[in-house]
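In: need a 3D model of the following:
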Amino acid sequence: MNVTVRYGVETYDKEFAGSPTIAEVRSNTSLKAILGFSDNVRALINGVEQPDDVRVPEGSVVQLETRANQKAN
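Out: Numbering: from 1, shown residues only. The predicted structure follows:
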């Protein structure tokens, strides 16, 4: 199954054996190396943030964005 992953201005098409979860996309070491993102990202599909346990539909575009830092109270 093919998934397009975007981070910043970079885009990469990744082939997965099955339907990956958002967590599998975010933790994929080859995607991290190619696109240059860290663990501190959130994943969006069609502009909506997705939880880690959601399966990515075939042909989807997963947009990764760096999470905003939060101040401690």
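In: pull up the distance across stretch 19-35, start to finish.
Out: Length of stretch 19-35, first residue to last, CA to CA, to the nearest Å: 21 Å.
In: tell me the buried residues in the strand or helix carrying Arg6?
Out: Using DSSP states H and E, Arg6 sits in strand 2-7. Applying a neighbour-count criterion of 16 or more other CB atoms under 10 Å, one finds Val3, Val5, Tyr7 buried in strand 2-7. Where C-beta positions appear, they are placed from N, C-alpha and C, glycine not excepted.
In: I figured the second one was touching Leu64, is that so?
Out: Going back to what we said before, that points to Val5. Yes: distance between Val5 and Leu64: 6.5 Å, which falls inside the contact criterion (CB atoms under 8 Å).
In: need the overlap of contacts for these two.
Out: Common contact partners of Val5 and Leu64 (CB atoms under 8 Å, 6 or more residues apart in numbering): Leu35.
In: one step back: mind putting the buried residues of strand 2-7 into CSV with pLDDT and distance to Glu24?
Out: Listed next are the buried residues of strand 2-7 as CSV, based on pLDDT from 0 to 100; distance: CB to CB, whole Å:
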residue, pLDDT, distance to Glu24
Val3, 95, 10
Val5, 98, 11
Tyr7, 97, 16
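In: okay then, goodbye and thanks.
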